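Peer 1: Make a model of this:
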Amino acid sequence: MRCDRRWFYLAPLSLGVHGGQATHVAEFCEALARSRPLALFGPPPAPAALPMIPFVPVSLPARPPRELVFQARAARALLLAGQPLKPDVIYVRAAAFNLGAIMAARRLGIPCILELNGLPALEYELEHDTRSAPARRMFYTLLARLEYRLASGIVAVTPQLAMVARQNGARAVHVAPNGVNPHRFVPGDSTVARRMLGIPLDAQVVGFAGNFAAWQGLDLLVEAVLQLAPTHPRLHLLLIGDGVERARLEARAAPLGARVRFTGRLPHTHVPQVLATCDVLAAPLAPIERNWRTGVSPLKVFEYLALGRPVLAAALPGMEFIEVMRLGALFPPGAAAALAERLQWLLNLPYAERAAIGARARAAAEGSFAWTTIVDGVITFVEEVRP
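Peer 2: So this is what the prediction gives:
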């Protein structure tokens, strides 16, 4: 396998902001750049986290038809850069529209790979008025079917998305879940973290880090802690992040008083140190259509594993490995009482058993779920695909 094969990576999102999507792109590209010449294309500014990777700005308009305009601009940028740099593949973090990149790859005579992290119609419905959803869903479905067939290959973040791509005519499909950089997410000292936050050293702490959106299922986590609080006086809840649900969650969690802590949004580099406070880390994930249909591969879960803590997650498609690999516990999606029961079980485990779960979690993060491992698998797949 040639190690000088040049990749162009197109990301239709700002990489200068905090968030799971930007983190995914930055970590993927950093791992990829260790073995392949790489140029990154996307909306400015250039990502500060990737100073050694050449960046080609492609502006993303603020108003519709922003995706179409972006693809036209991306096609021009890819073709202009492609003449002198002669890339071997164009790799796209797929959005609602990807035809510009696909057409540019065809002009250059090279493969175009689409990375699927969701279905555009379902992602749109999470954030917008859904009155136009049926027509938009049909349009997105037809467009995706065309793009899956025109693309040289598909990298899907879950097996469920891979199945959608195959059912709609994709020629070659590879599954690559989210991952973690185990050198950035390292198990920390809970005593130091608790003193920093003013949390009692003997507390039992369950934590969450991420966007406070309805699909995260944070209301379930709050309800479960409220159910356990009267009989578990040492139980504390730590919530890192922000979002549209924050005010409602703060109001609902108010009865916990000092036993709940909302930190607000933190720089990604600070999250491991703060999460070291926790005994158990949660991904409660609501049982909405999007999570059932596309499966889930939350970045946070793999970061939790790297911190060497048991993971408590909703039993949605994609989370089965938590029980199979004995890395924590699952609960029926949407069931606060079941979440409370499984949380109580994890917290009541003898220290040695919980430590063993944490050790297995860390080993999984250093092996199967390290970004270097995941990207190596993607490279092998991509460089065997024909235009």
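
Peer 1: Strands of the stretch 251-387 of the chain, residue ranges please.
Peer 2: With strands called from DSSP state E, counting those that start in this stretch, the stretch 251-387 of the chain shows them at 260-264, 280-283, 311-314, 328-331.

Peer 1: now these as CSV including distance to Pro387, mean pLDDT and mean neighbour count?
Peer 2: No exception for glycine: its C-beta is placed from N, CA and C like everyone else's. Formatted as CSV, the strands of the stretch 251-387 of the chain follow (distance: least, C-beta to C-beta, whole Å; pLDDT from 0 to 100; neighbours: other C-beta atoms under 10 Å):
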stretch, distance to Pro387, mean pLDDT, mean neighbour count
strand 260-264, 47, 97, 16
strand 280-283, 38, 98, 27
strand 311-314, 39, 98, 27
strand 328-331, 42, 98, 23
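
Peer 1: can you give me the strands in the stretch 51-200 of the chain?
Peer 2: 55-57, 89-93, 112-116, 153-156, 173-175.

Peer 1: Point out the other helices and strands that the fourth one packs with.
Peer 2: Translated: strand 153-156. strand 112-116, helix 159-167, strand 173-175, helix 371-382 (3 or more C-beta pairs under 8 Å, 6 or more residues apart in numbering; DSSP states H and E).

Peer 1: can you give me how far that strand is from the chain middle?
Peer 2: Put simply, strand 153-156 sits 16 Å off its chain's centre (C-alpha atoms, centre = their mean, to the nearest Å).

Peer 1: Strand partners (parallel or antiparallel) of it?
Peer 2: strand 112-116 (parallel), strand 173-175 (parallel) (DSSP bridges).

Peer 1: Now it: average pLDDT?
Peer 2: Strand 153-156 carries an average pLDDT of 98.

Peer 1: which residues are in contact with that strand?
Peer 2: The list of residues contacting strand 153-156 from outside it, by C-beta atoms under 8 Å, 6 or more residues apart in numbering, reads 91, 111, 113-116, 148, 162, 164-165, 170-176, 378, 381-382, 385.

Peer 1: Which among those count as buried?
Peer 2: Among the contacts of strand 153-156, those scoring as buried are 91, 111, 113-116, 148, 162, 164-165, 170, 172-176, 378, 381-382, 385 (criterion: 16 or more other C-beta atoms under 10 Å).

Peer 1: Packing partners of the lowest-mean-pLDDT helix or strand in the chain?
Peer 2: Sorting the helices and strands of the chain by mean pLDDT, DSSP states H and E puts helix 120-127 at the bottom, at a mean of 76. Helix 120-127 is packed against helix 133-150, helix 289-294, with contacts defined by 3+ C-beta pairs under 8 Å, 6+ apart.

Peer 1: for the chain, which helix is longest?
Peer 2: Across the chain, the longest stretch assigned as helix under DSSP state H is helix 66-85.

Peer 1: Tell me who's in contact with the most centrally placed residue in the chain.
Peer 2: Nearest to the mean C-alpha position of the chain, by C-alpha atoms, centre = their mean, lies Leu299 at 3.5 Å. Applying C-beta under 8 Å, 6+ apart, we find Leu299 in contact with Gly20, Thr23, His24, Asn178, Val180.

Peer 1: Surely the last one and Ala365 touch.
Peer 2: Yes. With contact defined as C-beta atoms under 8 Å, Val180 counts as touching Ala365 (5.2 Å).

Peer 1: what touches both of these two?
Peer 2: Phe302, Leu305, Ala306.

Peer 1: any low-confidence regions in this protein?
Peer 2: The chain contains residues with pLDDT under 70 at 1-2, 127-133.

Peer 1: domains for it, by residue range?
Peer 2: Domain assignment of the chain by automatic domain parsing yields the ranges 7-179+370-382, 190-366.

Peer 1: how about Gly19, what does it touch?
Peer 2: With C-beta under 8 Å, 6+ apart, Gly19 has these contacts: Asn211.

Peer 1: Got the phi and psi for it?
Peer 2: phi 150, psi 160 (degrees, to the nearest 10).

Peer 1: quick one: it and Ala156, what's the gap?
Peer 2: Gly19 sits 21 Å away from Ala156, going by C-beta to C-beta, to the nearest Å.

Peer 1: and what of Met319?
Peer 2: Taken as C-beta to C-beta, the span from Met319 to Ala156 is 16 Å.

Peer 1: Those two - which one has more neighbours?
Peer 2: Set Met319 next to Ala156 and count neighbours by other C-beta atoms under 10 Å: Ala156 wins out with 26 against 23.

Peer 1: Bridged to the more buried one, which residues?
Peer 2: So, taking DSSP bridges as the rule, Ala156 has Leu116, Val175 as bridge partners.

Peer 1: What are the contacting residues of the least confident helix or strand of the chain?
Peer 2: So helix 120-127 is contacted by 95-96, 133, 136-137, 140-141, 144, 213-215, 288-290, 293-294 (C-beta under 8 Å, 6+ apart).

Peer 1: just the buried members of those residues?
Peer 2: If you count burial by 16+ other C-beta under 10 Å, the buried members of the contacts of helix 120-127 come out as Ala95, Ala96, Arg136, Arg137, Tyr140, Ala144, Trp215, Ile288, Arg290, Arg293, Thr294.

Peer 1: Tabulate these in CSV, adding columns for distance to Glu245.
Peer 2: Formatted as CSV, those follow (distance: C-beta to C-beta, whole Å):
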residue, distance to Glu245
Ala95, 25
Ala96, 25
Arg136, 24
Arg137, 25
Tyr140, 26
Ala144, 29
Trp215, 10
Ile288, 14
Arg290, 16
Arg293, 22
Thr294, 21
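
Peer 1: closest to His268 among those?
Peer 2: Trp215 (20.5 Å; C-beta to C-beta).

Peer 1: Relative to Arg261, how far out is the closest one?
Peer 2: Here Trp215 is placed at a distance of 23 Å from Arg261 (C-beta to C-beta).

Peer 1: do the same with Phe331
Peer 2: Phe331 is 23 Å from Arg261, by C-beta to C-beta.

Peer 1: on that earlier part again, so can I have JSON lines of the strands of the stretch 251-387 of the chain showing distance to Leu221?
Peer 2: Formatted as JSON lines, the strands of the stretch 251-387 of the chain follow (distance: least, C-beta to C-beta, whole Å):
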{"stretch": "strand 260-264", "distance to Leu221": "11"}
{"stretch": "strand 280-283", "distance to Leu221": "5"}
{"stretch": "strand 311-314", "distance to Leu221": "9"}
{"stretch": "strand 328-331", "distance to Leu221": "11"}
